[in-house]
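*Asks:* how would this look folded up:
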Amino acid sequence: MAANGQELRKVIGVLALQGAFAEHKTALERLPFRKNLEAILVRTPEDLGRCDALIIPGGESTTIALLARLSGVLDPLREFVKTKPVWGTCAGAILLSQAVEGAKKGGQELLGGMSITIARNGWGSQIESFEADLDVAGLQNPERPYTGIFIRAPVVVKLNPSPEDPPIQVIARLSPNLLPHALATSDHADEPKIFVALRQGLHFLTTFHPELTDDDRFHEYFVRECVFGAQR
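*Replies:* Predicted structure coming up:
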């Protein structure tokens, strides 16, 4: 907090190498506390150096990682993730993961940051993309329906926190009835496959695309809890 009692202005970057980065920036600029933040597009290490927090958008995770390496921003991103708030959506969620299943031939470069294992394209191909109402108990106004947009979405398959890691919080769930037959199990009580939004310390991931809706509650959550909440 600033000395006058007002929150310090924060710069939130959106990695703008590939994917739905423009939509994330627009959503940030719609937030009610937008006067306390500046949203910028990040393409270089110099852009990243201006940021207090970062959003990694949906797109294609191997392409984003490759472009990050070619632009010289991959290693700075790995350092950034160690200390700063980062939110990954869809492909960005893959990059934030500790381990990935179903990687392309040649492997998948990751940033790490969240103690989970995730499966690429866990729901199938583009034609198996879908929309579904989510249980958003972790958001403001959880009684208001939220429709998640899943496009070649990854699936969380395992939570791997060590005793030293921050706890993993489930922010949103998908109905077990919507799991593909190949992913369904008989016990859904703590089934990671239905977890579609997770927080661990300063880091946040969603396996779907909040930036493709006009409902900004996930952007509001990230800024309020992970960005400004980090200074409380």
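
*Asks:* buried ones in stretch 44-64?
*Replies:* For stretch 44-64, a neighbour-count test (16 or more other CB atoms under 10 Å) marks 45, 47-48, 51-62, 64 as buried. To be clear about C-beta, it is placed using only N, CA and C from the backbone, and glycine gets the same treatment.

*Asks:* closest to Gly112 out of those?
*Replies:* Ile56 (12.3 Å; CB to CB).

*Asks:* and of the buried residues of stretch 44-64, the nearest to Asp133?
*Replies:* Distances from Asp133 to the buried residues of stretch 44-64, taken by CB to CB, are shortest for Gly58, at 19.6 Å.

*Asks:* so the closest one, which of the three states?
*Replies:* coil (DSSP: H, G, I helix; E, B strand; the rest coil).

*Asks:* any figure for the gap between it and Pro161?
*Replies:* Gly58 sits 25 Å away from Pro161, going by CB to CB, to the nearest Å.

*Asks:* quick one, what contacts Ile168?
*Replies:* 114-116, 159, 161, 198-200 (CB atoms under 8 Å, 6 or more residues apart in numbering).

*Asks:* so which one among the residues you listed has the lowest pLDDT?
*Replies:* Among the contacts of Ile168, Pro161 carries the lowest pLDDT, at 92.

*Asks:* tell me which element it is part of?
*Replies:* Counting by DSSP states H and E, no helix or strand carries Pro161.

*Asks:* that one contacts Leu198, correct?
*Replies:* No. The criterion here is CB atoms under 8 Å, and Pro161 misses it with Leu198 at 10.6 Å.
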